[in-house]
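>>> my questions concern the predicted model and sequence given below.
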Amino acid sequence: LAKTTQPISMDSYEGQEVNITCSHNNIATNDYITWYQQFPSQGPRFIIQGYKTKVTNEVASLFIPADRKSSTLSLPRVSLSDTAVYYCLVGEGNFNKFYFGSGTKLNVKP
Amino acid sequence: GAVVSQHPSWVICKSGTSVKIECRSLDFQATTMFWYRQFPKQSLMLMATSNEGSKATYEQGVEKDKFLINHASLTLSTLTVTSAHPEDSSFYICSARIGTGSFQPQHFGDGTRLSIL
């Protein structure tokens, strides 16, 4: 069971870069790391996914060290609309199951 | 692409009623669909995993006779909450995946708010 641990909450200001770290010490060899964003009363939205090193898309970057026991989601220049809960999810390999951790409540202030 | 539609988005009904929630993948075929439940200010809890044409796999503590899951096609899964009671009130969310490799992300519906009076 690839359990994940994240900070419960973070505060930031508009325009700042935000880094949210997730710990997943028991990640399996064939597991990928996926980050989701969730607004109140909505389903989670895919942000980014990676296996190792660094992945970047138009909204975020994902940094994964060589041991893959943690990952960091980087959101450049956040705005008020980025206030949401962010979850990291680690695949369960062959068992095709995913368990959400507590998530990180990001509060962006003006 | 990869849109998942969930219906209804909100339902209020009396205790003892059975409620059906639909989850459809609109532009892809979903090998696997998942059902989650989320209580206020809490994380998503996996209820069950369903593969098209086979019985759903329920997580420990989830009553399969109460939460009936049917995955009759590659684009449709349904969750029926039978004889619902107030403690079943929650936010139910489905997701769908293409394929079974762990590199395939889940695509989520927008959830169904179920309120049992």
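On my side now, so go ahead.

>>> specify the beta-bridge partners of the closest residue to B:Leu76 other than its chain neighbours.
Of all residues not flanking B:Leu76 in the chain, B:Arg24 sits nearest, at 5.3 Å (Cβ to Cβ, 6 or more residues apart in numbering or on different chains). (C-beta placed from N, C-alpha, C; glycine too.) On the basis of DSSP bridges, B:Arg24 is bridged to B:Ser5, B:Leu76.

>>> roughly how far apart are B:Arg24 and chain A?
Look at B:Arg24 and chain A: by Cβ to the nearest Cβ, to the nearest Å, they are 13 Å apart.

>>> wait, that residue touches B:Met33, no?
No: applying Cβ atoms under 8 Å as the test, B:Arg24 and B:Met33 come out as separate, 9.7 Å apart.

>>> who has more neighbours out of these two?
For B:Arg24 versus B:Met33, the count of surrounding residues by other Cβ atoms under 10 Å in any protein chain shown is larger for B:Met33: 30 against 19.

>>> give me the outermost residue of chain B relative to its centroid.
Relative to the centre of chain B, and counting by Cα atoms, centre = their mean, the farthest-placed residue is B:Phe103 at 21.5 Å.

>>> list the residues that contact the closest residue to it other than its chain neighbours.
With sequence-adjacent residues excluded and distances taken as Cβ to Cβ, 6+ apart, B:Phe103 is closest to A:Tyr32, at 4.9 Å. For A:Tyr32, the contact set (Cβ atoms under 8 Å, 6 or more residues apart in numbering or on different chains) comprises A:49-51, A:90-91, B:102-103.

>>> related to what we said a few turns ago, contacting residues around the residue nearest to B:Leu76?
B:4-7, B:75-76.

>>> among those residues, the buried ones, what's the PyMOL command?
Buried residues among the contacts of B:Arg24 (16 or more other Cβ atoms under 10 Å in any protein chain shown), as a PyMOL selection:
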select buried, chain B and resi 4+5+6+75+76
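
>>> now pLDDT too, for the contacts of B:Arg24, in CSV please.
Converted to CSV, those look like this (pLDDT from 0 to 100):
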residue, pLDDT
B:Val4, 94
B:Ser5, 95
B:Gln6, 97
B:His7, 96
B:Thr75, 91
B:Leu76, 93
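
>>> for the contacts of B:Arg24, which one is nearest A:Lys97?
B:Val4 (18.2 Å; Cβ to Cβ).

>>> number of nearby residues for the nearest residue to that closest one once chain neighbours are set aside?
Closest residue in space to B:Val4, ignoring its immediate chain neighbours: B:Gly109 at 4.4 Å, by Cβ to Cβ, 6+ apart. The number of residues packed around B:Gly109, counting by other Cβ under 10 Å, is 27.

>>> I figured B:Gly109 hits B:Tyr92, correct?
No: the criterion here is Cβ under 8 Å, and B:Gly109 misses it with B:Tyr92 at 9.2 Å.

>>> ignoring the adjacent residues along the chain, who's closest to A:Ser79?
Closest to A:Ser79 by Cβ to Cβ, 6+ apart is A:Glu14, at 5.6 Å.

>>> can you list the residues of chain B near chain A?
Within chain B, the positions near chain A by Cβ under 8 Å from any Cβ of the partner chain are B:4, B:6, B:32, B:34, B:36, B:43-46, B:49, B:91, B:93-95, B:100, B:102-103, B:105-111, B:113.

>>> ok, B:Ser25 - contacts?
B:2-5, B:33, B:74-76, B:96, B:107.

>>> could you rerun that using 10 Å?
B:2-5, B:31, B:33, B:73-77, B:94-98, B:107, B:109 (Cβ atoms under 10 Å, 6 or more residues apart in numbering or on different chains).
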